[in-house]
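> A predicted structure for the sequence below; I have some questions about it.
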Amino acid sequence: MILNISGRNVDTGAAFQEHARETLLAIVEKYFSNAVSGAVTLAKSESGFEVKIRINLTKRIELESSGYARDAHAALDSAAEHAEKRLRRYKRRLKNHRNTSSPVIEDIQLAPTSIHTGVHQLQTDQTPERAAENDDEALPVIAELSYEVESMSVEQAVMRLELSGDQCLLFRNAGHLGLNMLHRRSDGTIGWVDPRGNRELSASAS
């Protein structure tokens, strides 16, 4: 696995790089030895250090985790622990999923839908002077990236969401190819939005 270790406004140092390399390679070798690449980013703040880990398990599946601590090595250990937990859970669910008749995530053949969004500042009808006075109440900047909406089962989507650590996931339901959304609820559970499935259920009931 190709591993990139870098610092954001901080020198990582040979000791940190060696610790990061040994830690991540051990985790990947244990759970997903065919991983494509990985990256470790160290950043320093007033209260300590933040480490972000990104591992590309395949060209489409990515794991992300982060850790915070007063010490850089401790922050790395925290991020690595979170990454290992997600990999372990993903590996277990993937193994169970292979025992079903549905294809696993890596074998999805349906072509993904490309979506591109940009960075936008939401506009209001306020004058510049009024906007400056209400700066604290200004509408936020919304930033999104280009991404592909892949076709998968709901179970596969749940695995992908848990692995990435993202707050939501847009995907095409492999059952009917309609757009679906998974999102993390405030109580820790995962919500599932299936507009087409709900419409079909309502139509059959009537």
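Right, received. Where do you want to start?
> quick one: buried residues of the helix of greatest length in the chain?
If you go by DSSP state H, the chain has its longest helix at helix 72-98. Burial within helix 72-98, assessed by neighbour count using 16 or more other CB atoms under 10 Å, is assigned to 72, 75-80, 82-84, 86-87, 90, 93-94, 97. Where C-beta positions appear, they are placed from N, C-alpha and C, glycine not excepted.
> go on, stretch 42-59?
Under the neighbour-count criterion of 16+ other CB under 10 Å, stretch 42-59 has 42, 43, 49, 50, 51, 52, 53, 54, 55, 56, 57 buried.
> residue contacts, the last one?
Taking CB atoms under 8 Å, 6 or more residues apart in numbering as the contact definition, residue 57 lies against 32, 34, 35, 36, 63, 163.
> go through those and name the one nearest residue 3.
Residue 3 lies nearest to residue 35 out of the contacts of residue 57, by CB to CB, at 9.5 Å.
> before we move on, the earlier item: what's the farthest-apart pair in the buried residues of stretch 42-59?
49 and 57 (25.6 Å).
> in helices, which of the contacts of residue 57 fall?
Filtering the contacts of residue 57 for helices - DSSP H - leaves residue 163.
> filter the contacts of residue 57 down to the buried ones, ChimeraX style.
Buried members of the contacts of residue 57, defined by 16+ other CB under 10 Å, are picked up in ChimeraX with:
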select :32,35,63,163
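> what pLDDT does the nearest residue to residue 194 once chain neighbours are set aside get?
Excluding its sequence neighbours, the residue lying closest to residue 194 (CB to CB, 6 or more residues apart in numbering) is residue 180, at 5.1 Å. What the model reports as pLDDT for residue 180 is 91.
> for residue 180, which residues make a bridge with it?
Beta bridges link residue 180 to residue 171, judged by DSSP bridges.
> what's the spacing between it and residue 73?
41 Å (CB to CB, to the nearest Å).
> residue 89 too?
Residue 89 sits 25 Å away from residue 73, going by CB to CB.
> what about the residue nearest to residue 194, how many neighbours?
Around residue 180 there are 23 other residues, counting by other CB atoms under 10 Å.
> was I right about it contacting residue 171?
Yes: between residue 180 and residue 171 a contact is recorded at 5.6 Å, counting by CB atoms under 8 Å.
> now the common contact residues for these two.
Counting by CB under 8 Å, 6+ apart, the common neighbours of residue 180 and residue 171 are residue 157.
> report pLDDT for the residue nearest the centre of the chain.
Nearest to the centroid of the C-alpha atoms of the chain, with distances taken as CA atoms, centre = their mean, sits residue 164, at 2.9 Å. At residue 164, the model reports a pLDDT of 78.
> quick check: which element contains residue 26?
helix 13-31 (DSSP states H and E).
> the helix or strand just after that helix pairs with which strands, and in what direction?
Note on helix 13-31: by DSSP H and E, the next helix or strand toward the C-terminus is strand 37-44. Sheet pairing of strand 37-44 (DSSP bridges) gives strand 2-8 (parallel), strand 49-56 (antiparallel).
> next, count neighbours for residue 169.
Residues contacting residue 169 under the criterion other CB under 10 Å number 21.
> and what of residue 157?
Neighbour count of residue 157, defined by other CB under 10 Å: 24.
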